[in-house]
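Visitor: okay, predicted coordinates and the sequence, questions at the end:
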Amino acid sequence: MGQSIGTLFGGNLNSLGGGTSITADEVTKNLSLNGLTAIVTGASSGLGKECARVLAKRGAYVILAARRVSVLEEVKALITAETPNAKVEIMPLDLCDMKSVHQFAEEYKRKNLPLNLLMNNGGIFAKHFTPTADGIEVMWMTHVVGHYALTMCLMDKLKETAAQSGVESRIVFTGSEAHRVAYEGGINFDALTDPSKYTAYQAYGQSKIGDILLAKMIGEQLKAEGVNVVANAAHPGAVKTSLGKNFFEKGTTEVGYAVSKPFIKSPEQGAANLIYVAVAPELEGVSGKFFSDMKEVNPNKYASSPELGQKVMKWCEDFVAKKMNA
């Protein structure tokens, strides 16, 4: 028997991030992003598409990154139709394929472009255990491993851009309050390869613990290094995207869905917190934190654990090293 949205979050519907209806357009209405260059993963739809649209509208040079180039072409056309002088480029990226991630990063470096903003947003929700070609559960590969690999491959470019421009570079991981619904202990590493241990909502939740921990560990490391680069995680809320519709389905009762429905945001509203963390001037120097509705919030004990964070970083490091050297 499935669960309604409310019961998934322990009855706390406010944790879905429905506390504000502000849009990404409104967050940036007084900002000029001219001179900034951004990469947005998952830019073919939903939150990524909206983040890319708003960044381009405010003057940033935006790289649309996703697997489906034909869909990215459509997104680019929509953006340029609204903002004819928008600076938008398409680059294919498969976050589940380490060779694709490496090729993306190398091609980006060959373009000799700066990199001010890396939005690690690409996402998926799998109701059933879905292994990648490497046998790893697809949500973990997409949300955690792929974005870890991309961030590490582009870290020197982020640091170089910040040093040369004097402008803080930012890394944003799309986290989620769904991290509060995960396996016992926060992350079940066995469930990454064993279908018998897989539960969809818990698997999604643990992948978001992974994202928040990556932001924490990488963000704190960058701060310790004294470089002008920060990393944070941001919760968009429950959003009416293809992923959101899949995750927040009607479940077992019409009542549960009806109660939850008012808390579900549009993509324009869901992108607001992501864009806020990406560009808000008042967040300069803030690193390793988790934000919801444009406020810093405390994640659960697992997503706050340095020990678990080190395990996630080591797991990703070992996996990526093995695949990159294969």
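Guide: Alright, I've got the coordinates.
Visitor: for the protein, what's the longest helix?
Guide: Identified as the longest helix of the chain according to DSSP state H is helix 200-225.
Visitor: buried residues in that one?
Guide: Using 16 or more other C-beta atoms under 10 Å as the burial criterion, the residues of helix 200-225 that qualify are 200-223. Quick note: C-beta positions are derived from backbone N, CA and C, even for glycine.
Visitor: angles on the backbone of residue 176, please.
Guide: phi -170, psi 150 (degrees, to the nearest 10).
Visitor: what's the local residue count around it?
Guide: 30 (other C-beta atoms under 10 Å).
Visitor: give the contact list for the residue nearest to it when sequence neighbours are not counted.
Guide: Among residues not flanking residue 176 along the chain, residue 208 sits closest, at 4.2 Å (C-beta to C-beta, 6 or more residues apart in numbering). When contacts are counted by C-beta atoms under 8 Å, 6 or more residues apart in numbering, residue 208 touches 143, 175-176, 178-179, 182, 303.
Visitor: ok, 7 Å please
Guide: Shown in contact with residue 208 (C-beta atoms under 7 Å, 6 or more residues apart in numbering): 143, 175-176, 178-179.
Visitor: which of those sits closest to residue 286?
Guide: residue 175 (14.7 Å; C-beta to C-beta).
Visitor: state the phi and psi torsions of that closest one.
Guide: The phi/psi pair for residue 175 (degrees, to the nearest 10) is phi -90, psi -160.
Visitor: what is the burial count for it?
Guide: 31.
Visitor: and the helices in the stretch 101-250 of the chain, which stretches?
Guide: 138-140, 146-165, 200-225, 242-247 (DSSP state H, counting those that start in this stretch).
Visitor: returning to that earlier point: where's the residue nearest to residue 176 relative to residue 73, distance?
Guide: Residue 208 sits at a distance of 30 Å from residue 73 (criterion: C-beta to C-beta, to the nearest Å).
Visitor: how about residue 85?
Guide: For residue 85, the distance to residue 73 - C-beta to C-beta - is 19 Å.
Visitor: out of the two, which sits in the busier spot?
Guide: residue 73 (13 against 7).
Visitor: following element in sequence after the helix or strand containing residue 51, please.
Guide: In the assignment (DSSP states H and E), residue 51 maps to helix 46-57. The element immediately downstream of helix 46-57 (helix or strand, assigned by DSSP H and E) is strand 61-66.
Visitor: pLDDT below threshold where in the stretch 1-150 of the chain?
Guide: Filtered on pLDDT under 70, the stretch 1-150 of the chain yields the residue ranges 1-20.
Visitor: show me where the stretch 1-150 of the chain has its strands.
Guide: 37-41, 61-66, 87-92, 117-120 (DSSP state E, counting those that start in this stretch).
Visitor: make JSON lines from the ones you listed and add mean neighbour count to it.
Guide: Formatted as JSON lines, those follow (neighbours: other C-beta atoms under 10 Å):
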{"stretch": "strand 37-41", "mean neighbour count": "27"}
{"stretch": "strand 61-66", "mean neighbour count": "27"}
{"stretch": "strand 87-92", "mean neighbour count": "18"}
{"stretch": "strand 117-120", "mean neighbour count": "28"}
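Visitor: as TSV, those strands with distance to residue 136 would be great.
Guide: Formatted as TSV, these follow (distance: least, C-beta to C-beta, whole Å):
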stretch	distance to residue 136
strand 37-41	18
strand 61-66	20
strand 87-92	21
strand 117-120	17
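Visitor: quick one: which of these is nearest residue 128?
Guide: strand 61-66 (22.6 Å).
Visitor: that closest one packs against which elements?
Guide: strand 37-41, helix 46-57, helix 69-82, strand 87-92 (3 or more C-beta pairs under 7 Å, 6 or more residues apart in numbering; DSSP states H and E).
Visitor: got the end-to-end distance for stretch 61-76?
Guide: 12 Å (C-alpha to C-alpha, to the nearest Å).
Visitor: gap between that stretch and the chain center?
Guide: Put simply, stretch 61-76 sits 16 Å off its chain's centre (C-alpha atoms, centre = their mean, to the nearest Å).
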